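Novice: Just the structure for this:
(one chain, ligands or ions: 2)
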Amino acid sequence: MAAALYSPNHCCSSPSSLAAAAAYSNSNSSSIGFHKNIIIPFSVKRKVLGSVVLQSNCGGGHLSNAAILMQDGALATKMAATGEAPPKNLKEGLLSVPPPVERKAPIDSDVNEGKSTVSITVVGASGDLAKKKIFPALFALYYEGCLPEHFTIFGYARSKMTDAELRTMVSKTLTCRIDKRENCGEKMEQFLERCFYHSGQYDSQQNFSELDKKLKEHEAGKVSNRLFYLSIPPNIFVNAVKCASLSASAANGWTRVIVEKPFGRDSESSAALTTALKQYLQEDQIFRIDHYLGKELVENLSVLRFSNLIFEPLWSRQYIRNVQLIFSEDFGTEGRGGYFDHYGIIRDIMQNHLLQILALFAMETPVSLDAEDIRNEKVKVLRSMRPIRVDDVVVGQYKNHTKGDVSYPGYTDDKTVPKDSLTPTFAAAALFIDNARWDGVPFLMKAGKALHDKRAEIRVQFRHVPGNLYNRNVGTGLDRATNELVIRVQPDEAIYLKINNKVPGLGMRLDRSNLNLLYKARYSKEIPDAYERLLLDAIEGERRLFIRSDELDAAWALFTPVLKELEDKKIIPEYYPYGSRGPVGVHYLAARYNVKWGDLGVDE
Ligand SMILES: NC(=O)C1=CN([C@@H]2O[C@H](COP(=O)(O)OP(=O)(O)OC[C@H]3O[C@@H](n4cnc5c(N)ncnc54)[C@H](OP(=O)(O)O)[C@@H]3O)[C@@H](O)[C@H]2O)C=CC1
Ligand SMILES: O=C1O[C@H](COP(=O)(O)O)[C@@H](O)[C@H](O)[C@H]1O
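Specialist: Ligands and ions are numbered 1, 2, ... in the order given. Now for the predicted structure:
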């Protein structure tokens, strides 16, 4: 029997391991995979017309190598990324190899073959994000066998720490999704042994040269690739990039820099940041992270739309009445008030996370899944957007609230926030895309902190069924009877479609039900954290989920004028109690466009 095996390049490239896996797959076993010649569990096994396709834990759709077991038992590999032809002696019609999902970005085959190294430096390693997200994500990748064979992780910050102290700090925070898994302790030990620390200033080339020296020792003469993750406040981005680039760039491999948001606070400062970064880096070395693009359900948005015939034909003004992009958190700016007060919720969430989702949602079909093709389509959406009117924006700020014995602080109770701050902790806005597909469709965004629940979702409300035979049975709630598609990004990831159906029985009464794909009911595997996907992508040179500079410019061009107007006019936010549903103004905004917020309805 013939078998076709697909594997991500970084996990599985050895022909002998592929052969072993192929043989194993033929033995009617449960799902398998392979890593460094050792068979490890895989998550998915599918039959494709007599061939067996395996996907690894490291990438799902990010497939790059296909190993083809031929009839005579010989094994050949096909580099999907290079488009190399299948082996000549492959008998025609023997195999059905589904087209690989190509990653056209250069796949670092040297890394996979163990010839080169990847050094990851977390700049700002002593900080909140590094502890909370970056180190746990790196460990999860290591646990899953997704990091290259030769890798080293360095923490870099001003704080004085030894390697051992960094390891202790990191070990305390590895309370990630992996921590209850088999062999977690052992894996963690192995992971920590590959973590080191260097203390230095962010603007000292001398200190970065010292780091370079240490990195070289670990790279041991191999081709070196270096990834710097800037997990530091934005005012020191440029200094750190300058020093890293001039004094610690890879000598003979790639150098990439992940930059955390905020990328400026308006068009001007963002452009200045881009110009400054480009003094030291090429655009293709800069990976601007928007971690919402790494979330599973956001990643699934294009799959849902472009791989299901039933959605794409409805995806326009003809059938969609409005789209809602909703973000809410049930806690305030606790601990981050100093940062937040300079930015506010529009810059913190709307201009990046929600707008990126909107662009993905509304873009035309890209030519391919190639990063540039997708980003080209997103930019077109952003550039087709109508300027936001200040009247189409509602801003709010949370105030203190006591519930029972518990007292919740107001935003300005934070000592790092000025008492008279007008910074919005909540905002809602109506946006429009002036193109043929979306003309006149309101895209309503809403984002807030210290609200009654935590959620991020996309709601698509469809139009009424014309001449609906069943209007009579629906009664006056015609609005409630329209279909709604909900993509719940978090928590409890789900995609559900509200449909009308008949209540069973002899009468004719209509009911509203959900066709519900609840991920935790459908899949036993945990959903990886967004940072895992994005770090892996950066290591692989996959830019699809990172923000290109022209996307960033277009996003700022949309929001800068309205932000300026809100700030110049000193618009006073509507105050809402901590833990409430937010300012009532959002209902007036929605009503102006004949919209009802889906999350505030009776049957959300
Ligand atoms: N925390 C979060 O949840 C999120 C953070 N971000 C972004 O990620 C980046 C890092 O965030 P976070 O970890 O919270 O930041 P921190 O405030 O924790 O700063 C990270 C490290 O930078 C150094 N640092 C802090 N302030 C200064 C300063 N004024 N001058 C020089 N060095 C300083 C400190 O290290 P040392 O003193 O040891 O040098 C600190 O440990 C920021 O750009 C932030 O906007 C984005 C999304 C979410
Ligand atoms: O970028 C940010 O995102 C977080 C929310 O991220 P999530 O993955 O936990 O939903 C938000 O709290 C923070 O203010 C913002 O800077």
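Novice: Which positions in this structure make contact with ligand 2?
Specialist: 291, 329, 348, 456 (Cβ under 6 Å from any ligand atom). Quick note: C-beta positions are derived from backbone N, CA and C, even for glycine.
Novice: For residue 345, which three-state class applies?
Specialist: helix (DSSP: H, G, I helix; E, B strand; the rest coil).
Novice: Please check the residues of the chain next to ligand 2 and keep the buried ones.
Specialist: Neighbour counting by 16 or more other Cβ atoms under 10 Å classes 291, 329, 348, 456 among those as buried.
Novice: ok, for the first one, nearest residue in space, not its chain neighbours?
Specialist: Looking back up the chat, that one is residue 291. residue 530 (4.4 Å; Cβ to Cβ, 6 or more residues apart in numbering).
Novice: So residue 424 is in contact with residue 396, correct?
Specialist: Yes - if you go by Cβ atoms under 8 Å, residue 424 and residue 396 touch, sitting 6.2 Å apart.
Novice: These two: who's more crowded?
Specialist: residue 424 (29 against 26; other Cβ atoms under 10 Å).
Novice: need the contact list for that one.
Specialist: Residues near residue 424 by Cβ atoms under 8 Å, 6 or more residues apart in numbering: 344, 345, 346, 395, 396, 397, 566, 573.
Novice: ok but it is inside a helix, no?
Specialist: No - secondary structure assignment (three-state DSSP) places residue 424 in coil, not in a helix.
Novice: buried residues in whichever helix in the chain runs longest?
Specialist: Using DSSP state H, we find that the single longest helix of the chain is helix 549-568. Neighbour counts over helix 549-568 (16+ other Cβ under 10 Å) mark 549-563, 566 as buried.
Novice: quick one: average pLDDT of the host helix or strand of residue 212?
Specialist: In this structure, residue 212 sits in helix 205-219 according to DSSP states H and E. With pLDDT averaged residue by residue, helix 205-219 scores 97.
Novice: same thing with stretch 331-338?
Specialist: Mean pLDDT, stretch 331-338: 89.
Novice: So residue 391 lies in a helix, does it not?
Specialist: Yes - the assignment for residue 391 (three-state DSSP) places it in a helix.
Novice: Surely residue 231 is in contact with residue 257?
Specialist: No - if you go by Cβ under 8 Å, residue 231 and residue 257 don't touch, sitting 11.4 Å apart.
Novice: Low-confidence stretches in the chain?
Specialist: In the predicted model of the chain, residues 1-114, 175-180, 474-480, 602-604 satisfy pLDDT under 70.
Novice: which bits of it sit near ligand 1?
Specialist: Proximity of the chain to ligand 1 is confined to 124, 126-130, 157-159, 202, 231-234, 236, 260-262, 339 under the rule Cβ under 6 Å from any ligand atom.
Novice: Next up, the contacts around the closest residue to ligand 1 within the stretch 251-400 of the chain.
Specialist: The nearest approach of the stretch 251-400 of the chain to ligand 1 comes at residue 260, 3.6 Å away (Cβ to the nearest ligand atom). Residue 260 sits next to 129, 229, 230, 231, 232, 234, 289 when contact means Cβ under 8 Å, 6+ apart.
Novice: In strands, which of those residues appear?
Specialist: Those of these mapping onto strands are 229, 230, 289, per DSSP state E.
Novice: Surely the second one is in contact with residue 256?
Specialist: No - with contact defined as Cβ under 8 Å, residue 230 does not reach residue 256; the gap is 11.1 Å.
Novice: Grab the nearest non-local neighbour of residue 365.
Specialist: Using Cβ to Cβ, 6+ apart, the nearest residue to residue 365 is residue 306, at 6.2 Å.
Novice: circling back to that earlier point, give me the common contacts of residue 424 and residue 396.
Specialist: residue 573.
Novice: separation between residue 416 and ligand 1?
Specialist: 11 Å (Cβ to the nearest ligand atom, to the nearest Å).
Novice: what helix or strand does the closest residue to that residue other than its chain neighbours sit in?
Specialist: In this structure, residue 416 finds its nearest non-sequential neighbour in residue 338, 3.8 Å apart by Cβ to Cβ, 6+ apart. Take DSSP H and E as the rule and residue 338 turns out to sit in helix 337-345.
Novice: And for residue 472?
Specialist: Following DSSP H and E, one finds residue 472 within helix 471-474.
Novice: So which other helices or strands are in contact with the next helix-or-strand element following that helix?
Specialist: Using DSSP H and E, the helix or strand that follows helix 471-474 towards the C-terminus is strand 484-490. Here strand 484-490 touches helix 296-306, strand 455-462, strand 494-502, going by 3 or more Cβ pairs under 8 Å, 6 or more residues apart in numbering; DSSP states H and E.
Novice: What's the separation between the residue of the stretch 1-150 of the chain found nearest ligand 1 and residue 168?
Specialist: Of all residues in the stretch 1-150 of the chain, residue 127 sits closest to ligand 1, at 2.4 Å by Cβ to the nearest ligand atom. Counting by Cβ to Cβ, to the nearest Å, the separation of residue 127 from residue 168 is 16 Å.
Novice: The two: who's more crowded?
Specialist: residue 127 (17 against 12).
Novice: My guess is that one contacts residue 232. True?
Specialist: Yes - with contacts counted by Cβ under 8 Å, residue 127 reaches residue 232, the gap being 7.0 Å.
Novice: residue ranges of the strands in the stretch 301-450 of the chain, please?
Specialist: 320-328, 393-399, 401-403, 406-408, 426-431, 443-448 (DSSP state E, counting those that start in this stretch).
Novice: What are the contacting residues of the first one?
Specialist: In other words, strand 320-328. With Cβ under 8 Å, 6+ apart, strand 320-328 has contacts from 314, 349, 353-354, 357-358, 361-362, 441-449, 451-463, 482, 582, 593, 595, 597-599.
Novice: 6 Å instead?
Specialist: With Cβ atoms under 6 Å, 6 or more residues apart in numbering as the test, strand 320-328 has contacts from 349, 354, 357-358, 441-448, 451, 455-461, 463, 595, 598-599.
Novice: Report the contact partners of the residue with the largest distance to the centre of the chain.
Specialist: Using Cα atoms, centre = their mean, the residue of the chain lying farthest from its centre is residue 506. It sits 48.4 Å away. By Cβ under 6 Å, 6+ apart, residue 506 lies in contact with nothing.
Novice: Assign a three-state SS to it, would you?
Specialist: coil.
Novice: how near is it to ligand 2?
Specialist: Shown here: residue 506 relative to ligand 2, a distance of 48 Å by Cβ to the nearest ligand atom.
Novice: Next one: that residue from ligand 1, what distance?
Specialist: 56 Å.
Novice: go on, residue 485?
Specialist: 28 Å.
Novice: and that residue, what are its bridge partners?
Specialist: Going by DSSP bridges, residue 485 is paired in beta bridges with residue 460, residue 497.
Novice: Report how many residues lie close to it.
Specialist: Neighbours of residue 485 using other Cβ under 10 Å come to 20.
Novice: All set, thanks.
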